[in-house]
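> coords please:
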Amino acid sequence: MNESPPTVPADAAPLARRKRRMASIALVGALVLAGAYGWYDARSRIGATQEELARRLRDIEADSREAKLLAKQAQETMRESQAKIAVLDGKLAESQSQQLALESLYQELSRNRDEWALAEIEQVLTIAAQQLQLSSNVRAALLALQLAESRLARSDRPQFIPVRKAVARDIERLRALPAIDVTGLSLKLDGLVAAVDGLPLAFDERTTEAGKGARVAKAEPEGFFHRLGSEMWGELKGLIRIRAMDAPEPPLLPPSQAYFLRENLKLRLLNARLALAMRDEAGFREDVRVAQGWVVRYFDARAKPAAAFAAQLKQLGATSFTLELPTLSDSLEAVRTFKARRERGGA
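Sure thing, here's the model as predicted:
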């Protein structure tokens, strides 16, 4: 059975269209609002982003300006540092050149000082060798060697060690020599020279004995006949004299000759002292022997001063001071070898 469609009123179609139009408008409005809101939101976000970008750009520009300022300061600091480094390099170069000059000057002064020290030591050793050769003066030579050794010790130079060893060996050789009291012997001779004037002459002693006999005769009671007999007896005794023939009679010396005898005896003793200083043992013994002979012949040997004088002369005559003296060739050779080596090294 066929049903007929419902009947639509005539005014329903426009209404439906209006509704659809309103719905479309509403939809469009909603879409527009939604688009406007989206646009507004997007614009707000873009504005915020732009502000953020602008802020960051400002920060970046500020950082960039600060970085540029720091870079400029760093460049200025670097330029100043480079200038200071250049100045320091110049001062360093100048200091190095001055140091080289000072080192060269020091080496030159050191060489000169060493040369002066070696020249002084060589001169001292030469004097010591001359003292040994000419006067056999061991003490003076030893003092000269000790002076040279102390000079080398003050220098404290390692290159002087061979020279110091040679000088030390020569010092030990001189110290090993037997000691001779030259000063004591010289003082004994000086004492003998001073005692010469007090020695009694043999002729003076004989005259003194005769005077004693005369004084004894005068002490006896005086009378004419007694004096006459005494004088006759004295004349008879003068004519007859008993004398020992083995003992020579002391010579009669006038006062002037007695003075020259004493002066010659002093000269002999002084010659012996000079020979002692020069280590001339033969000359020393000869002078002492001659002095002994003069004392025995011209002076009264029975008197205590003359006997003591003769005993001291005998003791001096028996003294021996001849020594086999060493040479200082080792020390001199060491100094000269060192000087020659330095000259060859500096040439």
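> How many residues are close by Ala303?
17 (other Cβ atoms under 10 Å). Yep, even glycine has a C-beta here, placed from its N, CA and C like the rest.
> That one and Leu201 touch, don't they?
No: between Ala303 and Leu201 there is no contact under Cβ atoms under 8 Å: 9.7 Å.
> Gln133 belongs to a helix?
Yes: using DSSP: H, G, I helix; E, B strand; the rest coil, the assignment for Gln133 is a helix.
> how near is it to Leu201?
Using Cβ to Cβ, to the nearest Å, Gln133 is found at 43 Å from Leu201.
> Okay, now the unreliable bits of the stretch 101-250 of the chain?
Along the stretch 101-250 of the chain, segments meeting pLDDT under 70 span 102, 104-114, 135-136, 178-180, 203-228, 232-250.
> ok, now with 50
Low-confidence segments of the stretch 101-250 of the chain, defined by pLDDT under 50: 206-221, 241, 243-247.
> For it, just list every one of the helices.
Remark: helices assigned in the stretch 101-250 of the chain by DSSP state H, counting those that start in this stretch are 138-155, 161-175, 182-195, 202-219, 224-239.
> Mind giving me the packing neighbours of the second one?
Applying 3 or more Cβ pairs under 8 Å, 6 or more residues apart in numbering; DSSP states H and E, one finds that helix 161-175 makes contact with helix 12-130, helix 138-155, helix 329-346.
> Buried residues, it. List them.
Val163, Arg164, Ala166, Val167, Asp170, Ile171, Arg173, Leu174 (16 or more other Cβ atoms under 10 Å).
> between these, which is closest to Ala13?
Distances from Ala13 to these, taken as Cβ to Cβ, are shortest for Arg164 (146.8 Å).
> The closest one - nearest residue in space that isn't next to it in sequence?
Counting by Cβ to Cβ, 6 or more residues apart in numbering, Leu152 is the residue found nearest to Arg164 once chain neighbours are left out, at 4.9 Å.
> Please list all residues in contact with that neighbour.
Residues in contact with Leu152 (Cβ atoms under 8 Å, 6 or more residues apart in numbering) are Ala117, Ile121, Phe160, Val163, Arg164, Val167.
> quick one on the thing from earlier: looking only at neighbour counts, state which of Gln133 and Leu201 leads.
The neighbour comparison of Gln133 against Leu201 (other Cβ under 10 Å) goes to Leu201, with 20 against 13.
> Verify the contact between that one and Asp300 for me.
Yes: between Leu201 and Asp300 there is a contact under Cβ under 8 Å: 6.7 Å.
> I'd guessed Ser320 sits against Phe284; true?
No: contact criterion Cβ under 8 Å: Ser320 and Phe284 do not qualify, at 9.9 Å.
> Not counting its neighbours along the chain, what's nearest Ser320?
Glu281 (6.8 Å).
> What number of residues are in the vicinity of the one you found?
16.
> Next, count neighbours for Glu343.
10.
> Roughly how far does Arg55 sit from Ala62?
For Arg55, the distance to Ala62 - Cβ to Cβ - is 10 Å.
> swap that for Arg139, please
Taken as Cβ to Cβ, the span from Arg139 to Ala62 is 99 Å.
> So for the two, which sits in the more crowded spot?
Arg139 (13 against 10).
> Without its sequence neighbours, what residue ends up closest to that one?
In space, Arg139 is closest to Val182, 7.7 Å off (Cβ to Cβ, 6+ apart).
> right, and that neighbour touches Leu276 too?
Yes: applying Cβ under 8 Å, one finds Val182 in contact with Leu276, separated by 6.2 Å.
> Compare those two (neighbour count), which wins?
Leu276 (24 against 17).
> my guess is that one is in a strand, correct?
No: under the criterion used here (three-state DSSP), Leu276 is helix, not part of a strand.
> Show the contacting residues for it.
Val182, Leu185, Ser186, Leu189, Phe284, Phe321.
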